[in-house]
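A.B. asks: Dropping a prediction and its sequence here:
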Amino acid sequence: IWVDDTPGKENRTADAVGISREHAKVFNYGRIYGAGQPFAERLLMQFNHRLSQQEAAKKARQMYALTKGLR
C-alpha cells in the first residue's frame, strides 16, 4: 500500500466530515490498516457524542467516498 503522508490529507478528511485534524489522522491510519466503514462510524460517534448513528453513517460514507485510495 502506498501512503501519502502529507499534512493536507488529514486536513481534507477533517474538513470533509467536520472533525479535528488529530481525529482525521486516526481515520486515515484505520483505512491504511484495513478498517472499514463501521469502524469510521463508531469513531465518529466516539468523537462527537451528539451524533446519531444515521448521521455518523452518512459522514463515514462521505469520508470514504472523498478519500478513495489505490492498493
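C.D. replies: Okay, I see it.

A.B. asks: Tell me how far the spatially most central residue of the chain lies from G36.
C.D. replies: The centroid of the chain falls nearest to F27 when counting by CA atoms, centre = their mean (4.0 Å). Note on F27: its distance to G36, by CB to CB, to the nearest Å, is 12 Å. From N, CA and C alone the C-beta is placed, and that goes for glycine too.

A.B. asks: My guess is K59 contacts L43. True?
C.D. replies: No. Counting by CB atoms under 8 Å, K59 sits too far from L43 to count as a contact (10.2 Å).

A.B. asks: what about the chain, any weak spots by pLDDT?
C.D. replies: 1-9, 67-71 (pLDDT under 70).

A.B. asks: quick one, strands of it?
C.D. replies: For the chain, no strands are identified by DSSP state E.

A.B. asks: all helices of it, in order?
C.D. replies: Along the chain, the stretches classed as helices by DSSP state H are 7-17, 21-32, 37-47, 53-66.
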